[in-house]
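[1] After the sequence you'll find the predicted model.
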Amino acid sequence: MEPGRTGNDILASTLQRMSDEGITGTVYTHPIGDHGHGAGPLIGRWDGQEGVPVRGDAVLLPSTWHSIELQATRAIPEWDGEQANCRQEEEAYLDENGEPLQREGNTWACAQGHSFDVAKQGYVNLLPVQNKRSRDPGDSKAIVTARQHKEMSWVVGNNANLPVLPETLDWVLCLFGFPVYAEFLRALKPGGRLLMADAGAEHLRELREIIYPVLKPARPAQNMAPDGFRLVATEQVKFSVLIPSAEQIGNLLVMTPHLYRASAEGVSKAEALRKLRVTVDVQLTVFVKEHVAVV
């Protein structure tokens, strides 16, 4: 799968490669959109291995997601030669060239010349504006300022499209975020670990009581292992901490979704605070990526 090739061209070359390898089967691949199947080229159909009119002639575009559905058929000697088929569906992200970025000075660049500058605050933004679903797609001054207080390298991306190559990460930390387990699975090495940090029932309760008229009931903890992962450990961490200044209270509020969910009156109450003791209540869950045996 390469940008610029048509679905029918990819289908023909794939079937030829399968034939050369002695594999009998079918190929079906479709783009993925926001609500399932998306617009774009089809690469075969279960009942159309000779090519797909119209949509099979569409060109594959970069920065798109696809569902790859493959099927292989083989005679089973123990079943007196009866044919059995095995089906497998996987998701794939198609980037422009599949090559990693290398840092040179204050620029991250790939071999094709695409480059991303490191901001003076020390972070690099790898999330294109068109892929950030927001009315205000840029980072606000408050977010940038809050980020400067951490001694680490920051990369702005999208958890549904992590800017890393497949199976290159030892750990993924999802900190009070919206997990996309299929993408985490893609990025982690076999045996890699996913650490989920989710807010407990009492997390930042003192702040929430100030900015909201009524608190919503806590959501139950989810400890079921997602597909492709195995549950390793869980731990509840709970303590209190004093936030000693209005600036740090503001930074905390900016880095949470509460800034956007609270009313203007609630935010004003928080901005008027000079210090605040809050409860930290976090549910830690560790999953390990299972080794999948290829049959």
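    That came through, no problem. Residues are numbered from 1 along each chain as shown.

[2] any idea how far the residue of the chain most remote from its centre is from G25?
    Taking Cα atoms, centre = their mean, the residue of the chain most remote from its mean C-alpha position is D80, at 45.5 Å. Separation of D80 from G25 (Cβ to Cβ, to the nearest Å) stands at 21 Å. Heads up, the C-betas are built off the backbone N, CA and C, glycines and all.

[3] got it, and G7?
    17 Å.

[4] do A246 as well
    64 Å.

[5] try G81
    G81 is 17 Å from G25, by Cβ to Cβ.

[6] Between those two, which has more neighbouring residues?
    G25 (16 against 8; other Cβ atoms under 10 Å).

[7] quick one: pLDDT of the closest residue to the more buried one other than its chain neighbours?
    Leaving aside its sequence neighbours, G25 sits nearest to A72 (Cβ to Cβ, 6 or more residues apart in numbering; 3.9 Å). On the pLDDT scale, A72 is placed at 90.

[8] same check, this time on D80
    For D80, pLDDT reads 86.

[9] My guess is L276 contacts S245. True?
    No: L276 lies out of contact with S245 (Cβ atoms under 8 Å); the separation is 9.7 Å.

[10] hmm, which helix or strand of the chain has the shakiest average pLDDT?
    helix 141-147 (a mean of 56; mean pLDDT, DSSP states H and E).

[11] Pull the contacting residues for the closest residue to T24 other than its chain neighbours.
    Excluding the flanking residues, the one nearest T24 by Cβ to Cβ, 6+ apart is T73, at 4.8 Å. With contact set as Cβ atoms under 8 Å, 6 or more residues apart in numbering, T73 has these partners: T24, G25, Q83, A84, N85.

[12] Now the helix or strand harbouring T73 - C-alpha only, CSV.
    Using DSSP states H and E, T73 falls within strand 64-76. Extracted C-alpha coordinates of strand 64-76, given in CSV (Å, rounded to 0.1, in the frame of the first residue of the first chain):
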residue,chain,number,x,y,z
THR,A,64,-5.6,7.7,6.0
TRP,A,65,-6.8,4.7,8.0
HIS,A,66,-7.7,1.4,6.4
SER,A,67,-9.3,-1.9,7.5
ILE,A,68,-7.4,-4.9,5.9
GLU,A,69,-9.5,-8.0,5.7
LEU,A,70,-7.6,-11.1,4.5
GLN,A,71,-8.7,-14.7,4.0
ALA,A,72,-6.6,-17.8,3.3
THR,A,73,-7.9,-21.2,2.3
ARG,A,74,-6.0,-24.5,2.7
ALA,A,75,-6.8,-28.2,2.5
ILE,A,76,-6.6,-30.0,5.9
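
[13] buried sites along the strand or helix carrying E265?
    Using DSSP H and E, E265 sits in helix 264-271. Buried positions in helix 264-271, judged by neighbour count with 16 or more other Cβ atoms under 10 Å: G266, V267, A270.
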